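A.B. asks: Sequence plus the predicted model coming up.
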Amino acid sequence: MGGGWAPLPVSKNLRARGGRSPPEQFFLLGLPRRHQTVACGFDRGLQAVQEVVAFQSAPAAPQPESAIVMAISTAAQQRRRVQLRYRSHGDETERRFDSYGLVVHWERWYTVGWCHLRQAVRVFRLDRVISADLVAETFTRPPDFDSLKHVLESLAMAPWGWPVEVLLETTLVEAQRRIPPANAFLEQTPQGVVVSAQVDRLEWLARSLMTLECPFVIRRPPELRAALRQLAAEAAAMAEREETPI
C-alpha cells in the first residue's frame, strides 16, 4: 500500500477502543510499516508523560454516531445526495443535502454543502443529524471549494452575542498569525484588516485587542469603546498602587 494512508472517520465508538485518543490513533494508523520502531518509541514516551502529568480536560463535545459520519463521508466522496433529518433547538427538519466535505474543529464534527431546503450553502453539526440516507441523485462539487475555510468563517460569524467590527492597522499575515481563524472573519482593505466577529463579553475582547500590538479603530459597537476605557482606567489605577508595608 506504500507510505500513504487514507483518513479514517473517528467517532465516540472508535474513541473507546484501546484507550487512545483520536489524534494518537490517526498518527499511528497513518505510519508506514517501516516506521513501527519509531512509533513504539513514541508510544513509550507518551506513556511516560501520561503517568506524571495531570491534565484537566474541558467537557467532551457531543460526538456523532459512527453510521452518520460514514454515510456523509461516503456521500461527499461519491458526490451522492443525502436525505438528512436534522435537529436544532428542539425542531426537526428534513432536507436533501449535497455534502462538499467534513470538518473536525475543537472536537466537533461539521459538514458543509448545498442545502436544498434553504437553497444555500449551509454548515451542519453532525451530532445533531438524526439520520442520513444516501439517494440515487448525484451532484457536482464546486471547484476549489474550501470546506475548512467556509466552516471556520461560518463559526466566526454565527449570530450570537455582540456583533463587532474593528479595523486593525496591520497586515493580513500578522492578523492571521495573532487571531485564530474560528474567532473572527478577517478582510484585507486599503485601510488595514477589518475584523468581524460575534462575542459575548466585550470586556474580554477589549483585553484581547490590547494584546495584538497594533493600532486599531473600533467601528462597532460603541459599548466596546466604553469597555476599553474601563480597562484603561483599571490599568491606570493599578499603575498608581504601592505595596502596603506589613
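C.D. replies: Received, thanks. All values reported here derive from a predicted model rather than from experimental measurement.

A.B. asks: For the residue nearest to Trp109 when sequence neighbours are not counted, which residues are in contact?
C.D. replies: Spatial nearest neighbour of Trp109, chain neighbours left out: Leu126 (3.9 Å); criterion: CB to CB, 6 or more residues apart in numbering. No exception for glycine: its C-beta is placed from N, CA and C like everyone else's. Leu126 sits next to 64, 68-69, 72, 102, 109-111 when contact means CB atoms under 8 Å, 6 or more residues apart in numbering.

A.B. asks: hmm, 10 Å instead?
C.D. replies: Each residue near Leu126 by CB atoms under 10 Å, 6 or more residues apart in numbering is listed here: 9, 11, 62-65, 68-69, 71-73, 86, 102-104, 108-111, 132.

A.B. asks: Pro215 too?
C.D. replies: 167-170, 192.

A.B. asks: Among those residues, which one has the most neighbours?
C.D. replies: Within the contacts of Pro215, most neighbours by other CB atoms under 10 Å means Leu168, with 22 neighbours.

A.B. asks: So that one sits against Val195, correct?
C.D. replies: Yes - here Leu168 reaches Val195: they are 6.0 Å apart, a contact under CB atoms under 10 Å.

A.B. asks: joint contacts of these two?
C.D. replies: 175, 179, 186, 209, 212, 216.

A.B. asks: what does the biggest helix by length in the chain contact?
C.D. replies: Assignment by DSSP state H gives helix 222-240 as the longest helix of the chain. Here helix 222-240 makes contact (CB under 10 Å, 6+ apart) with 162, 164-166, 199, 201-207, 209-210, 216, 218, 221.

A.B. asks: how about a cut-off of 6 Å?
C.D. replies: Residues from elsewhere that reach helix 222-240 (CB atoms under 6 Å, 6 or more residues apart in numbering): 202-203, 206, 218.

A.B. asks: Name the nearest residue to Arg128, ignoring sequence neighbours.
C.D. replies: Take Arg128 and drop its neighbours on the chain: the residue closest to it by CB to CB, 6+ apart is Arg87, 5.2 Å away.

A.B. asks: Let's test this: what are the backbone torsions at Trp106?
C.D. replies: Per-residue torsions, Trp106: phi 50, psi 50 (degrees, to the nearest 10).

A.B. asks: what's the burial count for it?
C.D. replies: Per other CB under 10 Å, the neighbour tally for Trp106 reads 9.

A.B. asks: Show the model's pLDDT score for it.
C.D. replies: On pLDDT, Trp106 comes in at 73.

A.B. asks: Check the gap between it and Pro180 for me.
C.D. replies: 10 Å (CB to CB, to the nearest Å).

A.B. asks: and the most centrally placed residue in the chain, what does it touch?
C.D. replies: Nearest to the geometric centre of the chain sits His105, at 3.5 Å (CA atoms, centre = their mean). For His105, no contacting residues are found, by CB under 6 Å, 6+ apart.

A.B. asks: which stretches of this structure form helices?
C.D. replies: 12-15, 22-29, 36-52, 66-78, 147-156, 172-178, 202-210, 222-240.

A.B. asks: Export those to TSV and append columns for mean neighbour count and mean pLDDT.
C.D. replies: Shown next, in TSV, are those (neighbours: other CB atoms under 10 Å; pLDDT from 0 to 100):
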stretch	mean neighbour count	mean pLDDT
helix 12-15	14	36
helix 22-29	14	37
helix 36-52	10	60
helix 66-78	18	95
helix 147-156	18	84
helix 172-178	13	93
helix 202-210	17	93
helix 222-240	12	94
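
A.B. asks: Take those helices and lay them out in JSON lines including distance to Cys115.
C.D. replies: Conversion of the helices of the chain to JSON lines gives the following (distance: least, CB to CB, whole Å):
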{"stretch": "helix 12-15", "distance to Cys115": "26"}
{"stretch": "helix 22-29", "distance to Cys115": "28"}
{"stretch": "helix 36-52", "distance to Cys115": "41"}
{"stretch": "helix 66-78", "distance to Cys115": "13"}
{"stretch": "helix 147-156", "distance to Cys115": "12"}
{"stretch": "helix 172-178", "distance to Cys115": "29"}
{"stretch": "helix 202-210", "distance to Cys115": "31"}
{"stretch": "helix 222-240", "distance to Cys115": "33"}
